[in-house]
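Q: Sequence first, then the predicted structure:
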Protein chains: 2
Amino acid sequence: MKRFALKGTICYSASLQELKVLEQGYLLCEDGVSRGVVEKLPGDWADCEVRDYGNRLIIPGMSDLHMHAPQYTFRGTGMDLELLDWLNQETFPEEARYGDLDYADRAYTIFAENMKRGATTRACIFGTLHREATELLMEKLEQTGIRAMVGKVNMDRNSPDILRERDAKESAEDTKVWLREVAEKRASGQWTHVEPILTPRFIPSCTDELMRELKRIQTEYRLPVQSHLSENFGEIGWVKELCPDSKFYGDAYDQFGLFGGDGCPTVMAHCVHSGEEEQQLMKERGVWVAHCPQSNTNLSSGIAPIREYLDKGLKVGLGSDVAGGSTESIFRAITDAIQVSKLRWRLVDETRKPLTFAEGFYLATKGGGSFFGKVGSFEEGYELDAVVLDDSSFKSPRPLTPEQRLERICYLTDGISQIAAKYVAGENVQL
Amino acid sequence: MKRFALKGTICYSASLQELKVLEQGYLLCEDGVSRGVVEKLPGDWADCEVRDYGNRLIIPGMSDLHMHAPQYTFRGTGMDLELLDWLNQETFPEEARYGDLDYADRAYTIFAENMKRGATTRACIFGTLHREATELLMEKLEQTGIRAMVGKVNMDRNSPDILRERDAKESAEDTKVWLREVAEKRASGQWTHVEPILTPRFIPSCTDELMRELKRIQTEYRLPVQSHLSENFGEIGWVKELCPDSKFYGDAYDQFGLFGGDGCPTVMAHCVHSGEEEQQLMKERGVWVAHCPQSNTNLSSGIAPIREYLDKGLKVGLGSDVAGGSTESIFRAITDAIQVSKLRWRLVDETRKPLTFAEGFYLATKGGGSFFGKVGSFEEGYELDAVVLDDSSFKSPRPLTPEQRLERICYLTDGISQIAAKYVAGENVQL
């Protein structure tokens, strides 16, 4: 039984509205799991190792529910386009490069290094359709110490020849090879941090036959699923054309049994324009919303009605959506989520209040963390993902409260410079 | 005659749409003024000093048309409030602290240091109502090497006792003392970088009598003017109550002769909700719009119709509006301006296209720079404000174009870490 305690100014979400703060508190860790936050060490913890972070803030690790690792190379460029043009002009040509393993190695080395240095401890990550490059990505991520669900992308229609699988059969076969290889690495103990997630790119990229194949695979392997949903009007209209029998976009996934409800966690990115019926089905099926506010802004998609989703009891976390979003920093996703919710309140629907800072922080930690189990809080029984923040470079002429310091870090950090230490399920990541 | 050349990858705006780029180019500087960008040094420049920045980008210095120096202390905190509540709960209590010169010294030292290290070379800055603290701010800014117009704020109504001048007379007298002291420092050559700008806080803070006093002062001293305009519906309604004879908010300034048109540059922050008449008057009077996209988002004010203003030929620059905006980085203001313009296009008015990256960059440089004269471009005759950017920390597996690198820096920088060198009117600022 391995025990230690982290000491510092501890901040975490108990609920959507409640941000808990304890200065000079102790966060107890036993076998990678939190045993709670306390003012004084309990008697039977008296001999445990205490790692004293002084005045620094200790917060739960953040979860990124949606990002594309291969797109990291062109983040923050080509932002003058809408979704479908952006896919064709920027994204697909770049993703095609990952057929070259040397390129993939160079690109994913940079990506993994920055993921390691940031505050994200859990992530749902799209690779490309390339099996070998995706395994390389998983290997790089394994070495970072963060926990990641990584998907080899399936796509067999509506993209250029250089980035399209020949047919459903080939896509499915390649996926099964990938899953077997991943299973071997996990069985041998070579990989303990990364696992596979089924990743049909989105309805326009997958034939009906491919979707049926993927359902068979999912049933056999009991895999979680990630995809895109109701991001952009052009995309939504296209799905309606491609699946004339679907009642709404989410129903097109559901008709193939790939919309949750089977005990396998399913996360759908964006949900900017999900109507009543789609929301209802997501709730019934327990589908997570990966809210990607910066991407939805950059690609002119709109603003997802997150307050409405929360009011209705949907599960919501945040996604950076690199490279629709320019940065992998979930701090930025927090402030973006708050900011766009204010604009939505002002411009679209004044009956739904903007998100508060505490709520944005919850989504980044406990909200998104729930996709991975008991993750994202410091309450007893949660896996101990923790990030230590050093905000001493943000000088102040007077003392700030811990809440003010935390909010300021979220608004000002570049996502890396303030990270002083990081733990994933109790393991100290070497930054 | 002092001549030198900067060598590197040179990027600058020729017009709103046209971003000019020259790799391995020379930017010629003579007595603080640009003599143009050339591929090869002209014969009569053969002996001049060349400062070779290699592969780094060289861009014009940026202009911040609106910010509040005393609010820098609480940037990125207290963002769960709308404008008028935020003023009363966060802003006014903080600004009241600047009656204490020790506090002002500590706070303004931090502010000035960060302004020096960033990309801003010109700024319009609000101080507080305190004359001595404002002079201290000017002294600190003078030492940074950037050029700033700084205002002692006038406010004699509708704020708490701790932050309100007794009456119009006292406010005016204090302003005149300030202006005489500034004039002495400038006449003696002690201050060459900072100058005064008349700063009625906004209509709700200034009695009619004070506005008349300020007009007299402006006429005597030929001062530029900065204030706030049409930011928030609550504020606009309040102005209508306070000035029942005004046809619109801007008209309330105009009735006192403080809305441009007199040869003194006048800049109004925000203009989120300026109607046709107000826009028309701004155009006639040559009033600059300081577009502050992050602040307008944080305070739930809305999204200013910048495309409409540009189409109509209004003068527009960007403002950080610290601390309505969380950062002084004008890089961030560029991307915020682009992002909110996309949301406005999607949610409010699809007839007005979003801003492109080139347009956002123009607003930050040549657009805002025009407030200060021939500033913000490298065309011949412009004052040579230049910033050298080192983006080597943003690793890439393949070469990017200069345009891509510039866009990426704007999206990813924290505003300081990529600044490798800085020139203001030809003077090299020691970072």
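A: Good, I have the coordinates.
Q: does chain B sit close to the strand or helix carrying A:Arg56?
A: Taking DSSP states H and E as the definition, A:Arg56 sits inside strand A:49-60. No: figure legend: strand A:49-60 not in contact with chain B (CB under 8 Å from any CB of the partner chain); closest approach 13.7 Å. (C-beta placed from N, C-alpha, C; glycine too.)
Q: Buried residues, that strand. List them.
A: Using 16 or more other CB atoms under 10 Å in any protein chain shown as the test for burial, strand A:49-60 gives A:Arg51, A:Tyr53, A:Arg56, A:Leu57, A:Ile58, A:Ile59, A:Pro60.
Q: Could you single out the nearest of the residues you listed to chain B?
A: A:Leu57 (13.7 Å; CB to the nearest CB).
Q: now the closest one: how far from A:Gly32?
A: 21 Å (CB to CB, to the nearest Å).
Q: Near chain B, which residues of the stretch 301-431 of chain A are found?
A: A:301-303, A:326-327, A:335, A:338-340, A:342-348, A:354, A:356-357, A:395-398, A:400, A:404, A:407-414, A:417.
Q: cool, and the stretch 1-150 of chain A?
A: A:73-80, A:97, A:103, A:106-107, A:110.
Q: In JSON lines: those, plus secondary structure and neighbour count.
A: Output for these, formatted as JSON lines (DSSP: H, G, I helix; E, B strand; the rest coil; neighbours: other CB atoms under 10 Å in any protein chain shown):
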{"residue": "A:Thr73", "secondary structure": "helix", "neighbour count": "24"}
{"residue": "A:Phe74", "secondary structure": "helix", "neighbour count": "22"}
{"residue": "A:Arg75", "secondary structure": "coil", "neighbour count": "24"}
{"residue": "A:Gly76", "secondary structure": "coil", "neighbour count": "23"}
{"residue": "A:Thr77", "secondary structure": "coil", "neighbour count": "22"}
{"residue": "A:Gly78", "secondary structure": "coil", "neighbour count": "20"}
{"residue": "A:Met79", "secondary structure": "coil", "neighbour count": "28"}
{"residue": "A:Asp80", "secondary structure": "coil", "neighbour count": "19"}
{"residue": "A:Arg97", "secondary structure": "helix", "neighbour count": "20"}
{"residue": "A:Tyr103", "secondary structure": "helix", "neighbour count": "17"}
{"residue": "A:Arg106", "secondary structure": "helix", "neighbour count": "16"}
{"residue": "A:Ala107", "secondary structure": "helix", "neighbour count": "27"}
{"residue": "A:Ile110", "secondary structure": "helix", "neighbour count": "17"}
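Q: what's the farthest-apart pair in the residues you listed?
A: A:Asp80 and A:Arg106 (26.6 Å; CB to CB).
Q: Take the residues of the stretch 1-150 of chain A next to chain B and lay them out in JSON lines including pLDDT.
A: Below are the residues of the stretch 1-150 of chain A next to chain B laid out as JSON lines (pLDDT from 0 to 100):
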{"residue": "A:Thr73", "pLDDT": "98"}
{"residue": "A:Phe74", "pLDDT": "97"}
{"residue": "A:Arg75", "pLDDT": "98"}
{"residue": "A:Gly76", "pLDDT": "97"}
{"residue": "A:Thr77", "pLDDT": "96"}
{"residue": "A:Gly78", "pLDDT": "95"}
{"residue": "A:Met79", "pLDDT": "95"}
{"residue": "A:Asp80", "pLDDT": "93"}
{"residue": "A:Arg97", "pLDDT": "98"}
{"residue": "A:Tyr103", "pLDDT": "98"}
{"residue": "A:Arg106", "pLDDT": "98"}
{"residue": "A:Ala107", "pLDDT": "98"}
{"residue": "A:Ile110", "pLDDT": "98"}
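Q: Quick one: the helices in the stretch 151-300 of chain A, in order.
A: Applying DSSP state H, counting those that start in this stretch to the stretch 151-300 of chain A gives helices spanning A:168-187, A:208-221, A:233-242, A:249-254, A:276-285, A:293-298.
Q: Can you add mean neighbour count and give those back as TSV?
A: Below are the helices of the stretch 151-300 of chain A laid out as TSV (neighbours: other CB atoms under 10 Å in any protein chain shown):
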stretch	mean neighbour count
helix A:168-187	16
helix A:208-221	18
helix A:233-242	16
helix A:249-254	24
helix A:276-285	17
helix A:293-298	29
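Q: thought A:Leu41 was touching A:Tyr26?
A: Yes: if you go by CB atoms under 8 Å, A:Leu41 and A:Tyr26 touch, sitting 5.6 Å apart.
Q: quick one on the thing from earlier: tell me the buried residues within the residues of the stretch 301-431 of chain A next to chain B.
A: Buried among those (16+ other CB under 10 Å): A:301-303, A:326-327, A:335, A:338-340, A:342-347, A:354, A:356-357, A:396-397, A:400, A:404, A:407-414.
Q: Counting only helices, which of the residues you listed make the cut?
A: Mapping these onto helices (DSSP state H) picks out A:335, A:338-340, A:342-347, A:357, A:404, A:407-412.
Q: Give me the nearest residue to A:Ser274, chain neighbours excluded.
A: Take A:Ser274 and drop its neighbours on the chain: the residue closest to it by CB to CB, 6 or more residues apart in numbering or on different chains is A:Ser230, 4.7 Å away.
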